[in-house]
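Chemist: structure here, sequence nowhere to be found:
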C-alpha cells in the first residue's frame, strides 16, 4: 500500500516557459518515512568504487532499472493535488521546500475555500535520480527517487462576482518518493 | 552492530545485483478521448474528439554497481489539445547517462533532460543540456564537481538554443570533521521579448554554502549558512531598463539543535534577500528579511511543534509589508483512541500605507479512528477569522466541518471500499455570505485484474442572503475502469461536470476516454520480466510463506502445505499446532510456526517470536524494529499501523491499560496479516504474526494466540 502524507502546494499559473519548481515529498511508506536531509544545498551521493569512506548511513546511488513507473508518479501527483487547498497539504511539502510554512499560510488565507486543482493531462515523467538512504530514526534502508512530473493543471472555483473561474497552466512538479525496500 | 551489518548486507544486495548486458523496457499507451461542453462555464476549454499515443523506452547497459550507461526516451504523438499544444510527434524526456565509477577519476555524464540542483539561493531547475559530475579521490574528504550547460525550456519542439541558457559550476566538499561546504557559480543569459517587455539579460550568481555539525554537552547542533552575490540583469522593478546592471546579495543562517537522547528539537533561521537578488534559477522571494524559530517536543505517542515567524517583504521600499505568525501544531494520539492533528496559527499583516492591515486566526483539526476492524472514521474542522483594519475593512469568517467514513468489505470475491463523506461550510464576509454543503461518495471495487472506481461529489452553495447572490450547485462524478491482462492494461474513464446557477445558463460537460497500455521489456536475452533492483523473492528468506497457509483452507490442504515445506513434527495444544522451527531465516529470535484449526478448517496461521532473555527495554525496542523490518522486506509496505506509547516503563501493564500498542497490518488476498505485541494474561511479552480472515478490533489487546503457551 502506498501512503502519501498530504499537503497543498500552489502551482505557478503561467505558461509552460516558466514551470514551477516545487519540491514535494511523496512518502510511499507510512512506517518508514525517509529521513530527508534538510540542508539547503546539494548532498554527496558517491558513485566512486574507490570511495571507502562511505558508511551504511550515507546515501548510495541506485543502479538503473528501477525508475519510478509513470503510473506511480501519476498516482502520487493525483493524491497530492487532491490535498491541495486542504489542511493536509503541508505534510506533503519537502523539508527542502523553500518557505513551506509561509506558503501553506498563504494558501489558507488567500484561496477561496472551494478552489480545487484539476489535472487535465500528465505530460513528461522522468526519474531524475535515485539513491538508497538509511533512515536516521528507524534505521531502515529506503529507495529515494527524485521524479519530475510535468502536468497541465487548472485551478477552478465559483466566484460570486465572476461565476465559474478557471486558470490553467503547465507546471513541473518535483516529487521525492521514498519507498521501503521490499 | 548487528543491525548495521544486516543493513549493509541489504545495500550490498542492491548494489551488487548484476544484470545481464543490454536491457530494454518501455510502454506504449494509446488514448482516445471525447470532450463536450454545453454552457458558459465549463472546465474543458477544448472540445471534440482527441487522441494521443505516448511511448516510453528505457535502455541500459549495466556491468556493475559503479559502471553503467542508460538512455531514456519518452514522447507522444498528440492530436489532443490537453496532452500537447501542437499536433504531431514530440519528444518529452530525452536522457543519456554514462557513469564510470571505477575510473581513476570517477565521472558521470548526463545529456538531455536533467535537473540541476546546487542550492536554494543559486540553481534548482530542469535543463535541457549536459551535466558532468567528477568525484576525484584525493584522500582528504570527499569532493564532487558538477558542471552544467543547458537551456531552460520545457518543450523540445520549442527549444531555441541561446534563448535562455544556464551554465554553472558547483564544487562540493564533505569532511567528517571539518563539515560540508559548497562553492557555486551560475551564469544565465536570456533573450528579451518585446511582448513580455523584457530586455536581453545576463546575470551571474556566486555562492558559498556550509554546514557544520557539533556535539556539545550531549546535544547535537548544526549550523548552516549560505551567502550569495548576484551581478547582472533582471526583468526590472519599474520597467525593463531598471533591471539592467544590478547587483545585490542574499544570505541565510540556520541553527538546528536537539539533545542526543531527548524529546525536543529547535530551529532558528534568519534570511536576507536583497531587492535586486533575482537569479533566474533559484526559488526565493527577493526583497525580504525574515526571522523564524521552530521548536518541537515529542510526548509519548504525540508531538507538539510551535513556530514564530517575522517577515518583512518589500524591505527596500517605502511600503514594507510586515507579517508576523505565531502557531502551534499538536499531532498524534493525545486523545485516547483517536489519531489527531490540531494546528492553530495567528498572523498579522501590515504595511506602511495601511492598504494591508489584518489580523488572521486559522485553526484546523483532523481526527481519525478505526470504528470497527473494517470501518475507519475521519473528521475535520476548519475555522478562520480575518479581522481587517485597513480602509477596505473586509472582515471574514469561515467555519467548516467534515466527516468521512471508509468501509472496506468483501463481496463475491471482490474487495470493496466505500467512502461516503459530508462537508459543511459557512462563509461570512462583507461581500459574501455562503452556506455550503458538499456530500461525496467514493467506491472502489477490485477483483483479480479488474478495478472499478466511482466518485461523486456535489457542492451546494447557498448565497441567497446576499443581495445579488447566486446560488450554485456544482456536481462532478467520475467512473474509471481498468483491466490488466498480461502485459496489457485496458481502461475506460468518464468524468462529468454539471453546474447549475440559480440565475443564468446551466453548464454540462463531460470527458470520456478509452486507453490501452502495452508494457514490454527484455532483460539481456532473458525473456522474463526485469526484476526491480533491490527486490527479492520472499521465498529466499522464509522456510514457508504464511500466504501458503491461508485462513479457510481445509485441514488436509494445510497439512499438505506444511509437509511440502518439511514442517511435520508439531506439538498439539488445544486447537493449536506449534512447530518450533524458524520461519524467517533473517530473524534471529526464537520462532514457532502456529496453526489454529477448528471445524476442519484453518482459522489462523502465524509465527510467534520470542524476545531475547536480556529483556531490557532498548533490546525489546530494537528487536521489535528489526523483526518488523524483515517482515516489511517480505510483505512490502504495511496497510495500517497502530502505535501508542513508547518502549518505557512496564510494557505488560501498559498493554493491559491500553497506553501501549504495537500493531501493523497487511491486507492479504484471504484476510489480514497482523504483526505486533499482543497482551497476554500471563504477562509474557512476545511478538506474534497472525494471518486471519478478520482480525479483532485493535482496541482488543488480547488478539494473539492467547491459549498457546
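Modeler: Arrived safely, thanks for sending. Just so you know, these numbers come straight off a predicted model, no measurement behind them. Residues are numbered from 1 along each chain as shown, chains lettered A, B, ... in the order given.
Chemist: now stretch B:63-80: average pLDDT?
Modeler: In this model, stretch B:63-80 has a mean pLDDT of 87.
Chemist: do stretch A:96-113 as well
Modeler: Across stretch A:96-113, the average pLDDT comes to 81.
Chemist: next: stretch B:650-667.
Modeler: Across stretch B:650-667, pLDDT averages out at 78.
Chemist: how about residues contacting it?
Modeler: Residues external to stretch B:650-667 that are found in contact with it (C-beta atoms under 8 Å, 6 or more residues apart in numbering or on different chains): A:1, A:31, B:300, B:336, B:415, B:617, B:620, B:624, B:628, B:631, B:635-636, B:638-646, B:672-680, B:683-685, B:695, B:698-699, B:701, B:703. Yep, even glycine has a C-beta here, placed from its N, CA and C like the rest.
Chemist: tell me the buried residues within those.
Modeler: For the contacts of stretch B:650-667, a neighbour count by 16 or more other C-beta atoms under 10 Å in any protein chain shown gives the buried set as A:31, B:300, B:415, B:620, B:624, B:628, B:631, B:635-636, B:638-646, B:672-680, B:685, B:695, B:698, B:701, B:703.
Chemist: the residues you listed in strands, which ones?
Modeler: Counting by DSSP state E, the buried ones among the contacts of stretch B:650-667 place B:415, B:640-644, B:672-676 in strands.
Chemist: which parts of chain A are strands?
Modeler: A:21-27, A:60-61, A:116-134, A:141-159, A:163-180.
Chemist: pretty sure residue B:418 sits against residue B:407.
Modeler: Yes - with contacts counted by C-beta atoms under 8 Å, residue B:418 reaches residue B:407, the gap being 4.6 Å.
Chemist: biggest helix in the chain by residues?
Modeler: Going with chain A. If you go by DSSP state H, chain A has its longest helix at helix A:70-82.
Chemist: chain B was what I was after
Modeler: Using DSSP H to define each element, chain B has its longest helix at helix B:617-635.
Chemist: what's that helix packed up against?
Modeler: With contacts defined as 3 or more C-beta pairs under 8 Å, 6 or more residues apart in numbering or on different chains; DSSP states H and E, the packing partners of helix B:617-635 are helix B:2-15, strand B:661-668, strand B:671-676, strand B:686-692.
Chemist: might you calculate how far that helix sits from the centre of the chain?
Modeler: Relative to its chain's centre, helix B:617-635 lies at 23 Å (C-alpha atoms, centre = their mean, to the nearest Å).
Chemist: tell me the mean pLDDT for that helix?
Modeler: For helix B:617-635, the mean confidence score works out to 72.
Chemist: tell me the angle of it relative to strand B:640-644?
Modeler: 170 degrees (axes from the mean of the first three to the mean of the last three C-alpha atoms, to 10 degrees).
Chemist: now the closest residue to chain B within chain A: closest residue in space that isn't a chain neighbour?
Modeler: Residue nearest to chain B within chain A (C-beta to the nearest C-beta): residue A:164, separated by 3.2 Å. Spatial nearest neighbour of residue A:164, chain neighbours left out: residue B:41 (3.2 Å); criterion: C-beta to C-beta, 6 or more residues apart in numbering or on different chains.
Chemist: related to what we said a few turns ago, quick one: the longest helix of chain B to strand B:661-668, angle?
Modeler: Using the same axes, to 10 degrees: helix B:617-635 against strand B:661-668 is 10 degrees.
Chemist: helix B:617-635 versus strand A:163-180: what angle between them?
Modeler: On the basis of the same axes, to 10 degrees, helix B:617-635 is oriented at 110 degrees to strand A:163-180.
Chemist: how about the ones in strands among the buried ones among the contacts of stretch B:650-667, which pair is most distant?
Modeler: Within these, B:415 and B:644 form the most distant pair, 27.8 Å apart (C-beta to C-beta).
Chemist: do stretch B:278-295 and chain A meet?
Modeler: Yes - if you take C-beta under 8 Å from any C-beta of the partner chain as the test, stretch B:278-295 does meet chain A, through B:283-285, B:292.
Chemist: ok, stretch B:88-101 next?
Modeler: Yes - Stretch B:88-101 reaches chain A (C-beta under 8 Å from any C-beta) through B:92-93, B:95, B:97, B:99, B:101.
Chemist: likewise stretch B:390-407?
Modeler: Yes - counting by C-beta under 8 Å from any C-beta, chain A has neighbours in stretch B:390-407: B:398, B:400.
Chemist: which parts of that stretch are buried?
Modeler: By neighbour count on 16+ other C-beta under 10 Å, the buried set for stretch B:390-407 is B:396, B:398, B:400, B:402, B:404, B:406-407.
Chemist: quick one: low-confidence ranges for chain A?
Modeler: Regions of chain A meeting the criterion pLDDT under 70 cover residues A:1-38, A:52-65, A:135-141, A:180-182.
Chemist: please repeat the previous calculation with a cut-off of 50.
Modeler: Scanning chain A for pLDDT under 50 picks out A:1-37.
Chemist: before we move on, what about chain B?
Modeler: Where chain B drops to pLDDT under 50, the residues are B:1-20, B:524-540, B:614-615.
Chemist: which single residue of it ends up nearest chain A?
Modeler: The minimum distance from chain B to chain A, using C-beta to the nearest C-beta, falls at residue B:41 (3.2 Å).
Chemist: so which helix or strand takes in that residue?
Modeler: Under DSSP states H and E, no helix or strand contains residue B:41.
Chemist: these two touch, right, it and residue B:497?
Modeler: No - Residue B:41 is beyond contact range of residue B:497, at 9.6 Å (criterion: C-beta under 8 Å).
Chemist: between those two, which contacts overlap?
Modeler: The contact sets of residue B:41 and residue B:497 overlap at residue B:507 (C-beta under 8 Å, 6+ apart).
Chemist: tell me the contacts of the closest residue to residue B:403 other than its chain neighbours?
Modeler: Excluding its sequence neighbours, the residue lying closest to residue B:403 (C-beta to C-beta, 6+ apart) is residue B:379, at 4.8 Å. By C-beta under 8 Å, 6+ apart, the residues touching residue B:379 are B:366-368, B:401-404.
Chemist: one more: residue B:313?
Modeler: By C-beta under 8 Å, 6+ apart, the contact set of residue B:313 is B:285, B:287-288, B:320-323.
Chemist: ok, of the contacts of residue B:379, which one's closest to residue B:247?
Modeler: So of these, ranked by how close each gets to residue B:247 (C-beta to C-beta), first place is residue B:366, at 47.0 Å.
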